[in-house]
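S.K.: Fold the following for me, if possible:
(one chain, ligands or ions: 2)
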Amino acid sequence: MGSGKYSMPSDGETRDSRWIAVSPVALLVESAKALAHTFRRLVRRGSFTVQYPEESLSPKKGYRGEHFLKRDSKGRVKCVACFMCAAACPAKCITIEAGKAPPEWTDREKYPVRFEIDLLRCIYCGMCEEACPVDAIALSGTFPIVAESRKEKVYDRDKLLVLGDNFGDKISVVP
Ligand code: SF4
Ligand code: SF4
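M.R.: Ligands and ions are numbered 1, 2, ... in the order given. Model (predicted):
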């Protein structure tokens with residue numbers, strides 16, 4: 001070892017060096033600790049398993065679940081179709097088509113005619129939320145994300161808005 005080279009020891013050498021390295025006292029102490037831990041678990045009442053879905057789980061801070069789109073104070077989609085989220089997305093799973101905003105929408109030029117996220121390609125990195133200049137998109141704390149088809153996991157603008165209506169900032173847990 002001192003020469004910087006490594007050669008596999010024979011079986012006898014491996015066994016010997018291992019037993020020399022571990023002191024018997026340390027072995028006893030660690031074994032006693034393991035046994036004590038086992039007995040503590042045996043006598044402690046209650047289940048350590050969450051009975052999902054009957055019991056709900058609270059996601060930890062920083063958990064990033066499925067996305068939602070926000071509305072502004074007038075109930076319009078907040079997104080201004082600037083494409084910043086799509087440009088930042090490393091998975092390239094956001095598709096946006098921009099349309100000209102109605103003349104009465106004087107605070108913006110564009111809005112998303114089409115806004116889709118393919119959640120089967122998404123890696124839940126949160127970059128889209130970070131990149132948005134108008135705080136229009138966020139990741140939620142949802143975790144029941146199963147579906148029966150691939151198509152169901154492509155969320156369009158209206159579905160993302162409904163998710164925002166239902167949950168909104170209450171479930172946004174991205175710090
Ligand atoms: S969370 Fe990441 S991968 Fe998913 S849509 Fe946003 S930027 Fe793309
Ligand atoms: S969600 Fe935000 S970043 Fe993405 S297009 Fe809309 S305004 Fe731009």
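
S.K.: Ramachandran angles for His67?
M.R.: Phi and psi for His67, reported as degrees, to the nearest 10, are phi -80, psi 160.

S.K.: cool, and Tyr111?
M.R.: Dihedral pair for Tyr111: phi -150, psi 160, per degrees, to the nearest 10.

S.K.: same thing with the one 3 residues further on?
M.R.: When read as degrees, to the nearest 10, the backbone of Arg114 gives phi -130, psi 130.

S.K.: burial measure for the nearest residue to it once chain neighbours are set aside, as a count.
M.R.: Of all residues not flanking Arg114 in the chain, Glu97 sits nearest, at 3.9 Å (CB to CB, 6 or more residues apart in numbering). Where you see a C-beta, it was placed from the backbone N, CA and C, and this is true even at glycine. By other CB atoms under 10 Å, the residues close to Glu97 number 12.

S.K.: Same check on the one 5 residues further on?
M.R.: Number of residues near Pro102 (other CB under 10 Å) recorded here: 10.

S.K.: That one and ligand 1, how far apart?
M.R.: Distance, Pro102 to ligand 1, using CB to the nearest ligand atom, to the nearest Å: 27 Å.

S.K.: Pretty sure that residue sits in a strand.
M.R.: No - checked against DSSP: H, G, I helix; E, B strand; the rest coil, Pro102 lies outside a strand; its state is coil.

S.K.: Report pLDDT for it.
M.R.: Per-residue confidence (pLDDT) for Pro102: 94.

S.K.: May I ask which helix or strand encompasses the residue nearest to Arg114?
M.R.: Element membership for Glu97, per DSSP states H and E: strand 94-100.

S.K.: Now that strand: buried residues?
M.R.: Counting neighbours by 16 or more other CB atoms under 10 Å, one finds that the buried residues in strand 94-100 are Ile94, Ile96, Ala98.
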